[in-house]
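Chemist: A predicted structure for the sequence below; I have some questions about it.
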Amino acid sequence: MRCRKLARLRAQLLEPGPGAGAAAGTGFDVSKSGDARIALVGFPSVGKSTFLSKVTKTKSEVAAYSFTTLTAIPGVLEYGGAEIQVLDLPGIIEGAAEGKGRGRQVISAAKTSDMVLMILDATKRAEQRALLEAELEAVGIRLNQDPPNIYLKLKKAGGMKITFSSPPKSLDEKMLYNILRDYRILNCEVLVRDEHATVDQFIDVIMKEHRTYIKCLYVYNKIDSISLEHLDTLAHEPNTAVMSCELDLGIRDVVDKCWEELRLMRIYTKRKGIEPDFSEALIVRQNSTIEDVCDSIHRTLKESFKYALVWGASSRHMPQRVGLSHVVADEDVVSIVGTKSGLASK
Ligand SMILES: Nc1nc2c(ncn2[C@@H]2O[C@H](COP(=O)(O)OP(=O)(O)OP(=O)(O)O)[C@@H](O)[C@H]2O)c(=O)[nH]1
Ligand SMILES: [K+]
Ligand SMILES: [Mg+2]
């Protein structure tokens, strides 16, 4: 890219131009591919692009100055037969959520991911983590949280019916009534199933169309430049990994943790009388059933399904004969038996 164009793009990242703010929150135009998407989110120059270049074949520009990366750069991380799309994103700055720079666009791209890798600079002050979290929170991203266990159904008439399945610790009927009125909801049914539910969680339920619950792994990079004591403290924070891209330390561990958090499973399919093909795995989400496995092989496979044979952690015998509702485990070998004799997967 020419120098002037680069300078202009860099300026746009910092300053809201026309169309910034609400309208600019649409994210970058990178189509999803592979079995899952991980977004690299962080302040400028923490090492996001260095990491992408380490774990994928994609080379994203690396430099010591801020805003080296100007758009979303996708790479593919191969892991045990799965292909995970890793999105390198421009650095975000404080105030990004309010539309400062193109930060909102960056955060919107993160919102489309299955997992956020929050890259932090181990040499920088501790507040960076909370500051970044607050930016993501502000656009409705909830990190490492489950959706609140509160049922809300809007009605056309009949007023408000609010019930608690057990006495709540920090909510009461009056509070919920007032919040609902603030959001102009006058007819509805509410059932609070979690005694620890908070006001913020209740608002998240009202706003659920604008909330996204995403897993996050916090990764401190540049541990080559900090003391061992500091390293020890960082490494003990929850949902955290530490690494040095420069010294090639801890990167494998970060990738392994991503795999665990994404909760994907590899299923190997086997035809009758033939050894399973371990070179090609079918990737499914955790808690998937034989039915999900069938669906990911072919849309209509279920129609001719008779039973499946399963070898692996989920089977009681080797093999175990199971039906569509059987829940599979990572690295199970599955053979689908259909009504047309000898029909096997793939
Ligand atoms: N000491 C040290 N420096 C690193 C490490 N990883 C990356 N760097 C340096 O940090 C600087 C920024 O790296 P980038 O990968 O460009 O950072 P980025 O987060 O992509 O930056 P932006 O795209 O500008 O937001 C470069 O000078 C890298 O060489 C590390 O593990 N240790
Ligand atoms: K940089
Ligand atoms: Mg970069």
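Modeler: Good, I have the coordinates. Ligands and ions are numbered 1, 2, ... in the order given.
Chemist: For Leu120, list each beta-bridge partner.
Modeler: Tyr220 (DSSP bridges).
Chemist: That one and Gly42 touch, don't they?
Modeler: Yes. With contact defined as CB atoms under 8 Å, Leu120 reaches Gly42; the gap is 6.4 Å. Just so you know, the C-beta spots here come from the backbone N, C-alpha and C atoms, and that holds for glycine as well.
Chemist: quick one: common contacting residues for those two?
Modeler: Leu132 (CB atoms under 8 Å, 6 or more residues apart in numbering).
Chemist: so Ile185 touches Leu154, yeah?
Modeler: Yes. Ile185 lies in contact with Leu154 (CB under 8 Å); the separation is 6.4 Å.
Chemist: More neighbours: which of these two?
Modeler: Ile185 (16 against 11; other CB atoms under 10 Å).
Chemist: I'd like to know how far the more buried one sits from ligand 3.
Modeler: The spacing between Ile185 and ligand 3, counted by CB to the ion, to the nearest Å, is 43 Å.
Chemist: Please confirm that that residue is located within a helix.
Modeler: No. Counting by DSSP: H, G, I helix; E, B strand; the rest coil, Ile185 is not found in a helix; it is coil.
Chemist: distance of it from Tyr151?
Modeler: With distances taken as CB to CB, to the nearest Å, Ile185 is found 14 Å from Tyr151.
Chemist: what does Glu275 give?
Modeler: 49 Å.
Chemist: So between these two, which is more surrounded?
Modeler: Counted by other CB under 10 Å, Glu275 and Tyr151 do not tie: Tyr151 has more neighbours, with 13 against 9.
Chemist: so the more buried one is in which element?
Modeler: strand 150-154 (DSSP states H and E).
Chemist: now Val293
Modeler: If you go by DSSP H and E, Val293 is part of helix 290-297.
Chemist: Quick one: name whatever helix or strand follows that helix.
Modeler: Later in the chain than helix 290-297, the nearest helix or strand by DSSP H and E is strand 305-311.
Chemist: what is the orientation angle of that following strand with helix 290-297?
Modeler: 100 degrees (axes from the mean of the first three to the mean of the last three CA atoms, to 10 degrees).
Chemist: Can you list the buried residues in strand 305-311?
Modeler: Neighbour counts over strand 305-311 (16 or more other CB atoms under 10 Å) mark 305, 308-311 as buried.
Chemist: Show me what counts as buried in the very next helix or strand once past that strand.
Modeler: Next along the chain after strand 305-311, taking DSSP H and E as the criterion, comes strand 320-322. For strand 320-322, burial by neighbour count (16+ other CB under 10 Å) applies to Val322.
Chemist: if we can go back for a sec, dump the helix holding Val293 to CSV, restricted to CA.
Modeler: Coordinates of the C-alpha atoms in helix 290-297 are reproduced here as CSV (Å, rounded to 0.1, in the frame of the first residue of the first chain):
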residue,chain,number,x,y,z
ILE,A,290,-25.2,-39.3,16.5
GLU,A,291,-28.0,-37.2,14.9
ASP,A,292,-25.6,-34.2,14.7
VAL,A,293,-22.9,-36.4,13.3
CYS,A,294,-25.3,-37.6,10.6
ASP,A,295,-26.4,-34.0,9.8
SER,A,296,-22.8,-32.9,9.4
ILE,A,297,-22.1,-35.8,7.0
